[in-house]
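K.L.:
Sequence plus the predicted model coming up.
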Amino acid sequence: MGGFVAAFRKNRTKIWVGAVTLLLVFYLVVSFQRSVLLLLDSNPAAKAIGAAYLVLPAIGVWAMIRELLFGARTEQMAKVLEAEGGLPADELPRTPAGRIVRSAADLEFEKYKAEAEAAPGDWRSWFRLSCAYDAAGDRKRARASMRDAVKLFRGKVPA
């Protein structure tokens, strides 16, 4: 039983991603089924709603695939950085609730920002900058920096 709990703790994020993905797939299948039923109805308004409703599963599939690929590529980059010893250390002070102290994260952020500015073509610096943005609480810029890191990792030049 202890091995099961340890395996669950180690793979908790993957398990939750899998569960949410399964729920989303279920929703998309039901949504697609309902749109087909509406398209088969003789009422022109129902057909129009069915056609419009068919767009939702397509967007959902696209978004799900995009996010799963983003997560897989991010994990792949993290493994490479870990093997190289280049992952940023999580040594920032925390509040009693476990949150990172914002002022310490802001100071650490400046270091990684300078590194990314000095090596704009290195995905490693963008990965670390993304971690610094995340620690500072700026999730939007963290994801944007990680997207740039993924593009550089894949050999593409970010816009």
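P.N.:
Structure received. Residues are numbered from 1 along each chain as shown.

K.L.:
I'd like to know how far the residue nearest to Val61 when sequence neighbours are not counted sits from Ile49.
P.N.:
Spatial nearest neighbour of Val61, excluding adjacent residues (Cβ to Cβ, 6 or more residues apart in numbering): Leu28 at 6.2 Å. From N, CA and C alone the C-beta is placed, and that goes for glycine too. Distance of Leu28 to Ile49, given as Cβ to Cβ, to the nearest Å: 17 Å.

K.L.:
so which strand or helix has the residue nearest to Val61?
P.N.:
Per DSSP states H and E: Leu28 is located in helix 12-40.

K.L.:
what's the spacing between stretch 48-64 and its chain's center?
P.N.:
22 Å (Cα atoms, centre = their mean, to the nearest Å).

K.L.:
Between helix 12-40 and the lowest-mean-pLDDT helix or strand in the chain, find me the angle.
P.N.:
The helix or strand of the chain with the poorest confidence is helix 2-10; it has a mean of 71 (mean pLDDT, DSSP states H and E). Here helix 2-10 runs at an angle of 70 degrees relative to helix 12-40 (axes from the mean of the first three to the mean of the last three Cα atoms, to 10 degrees).
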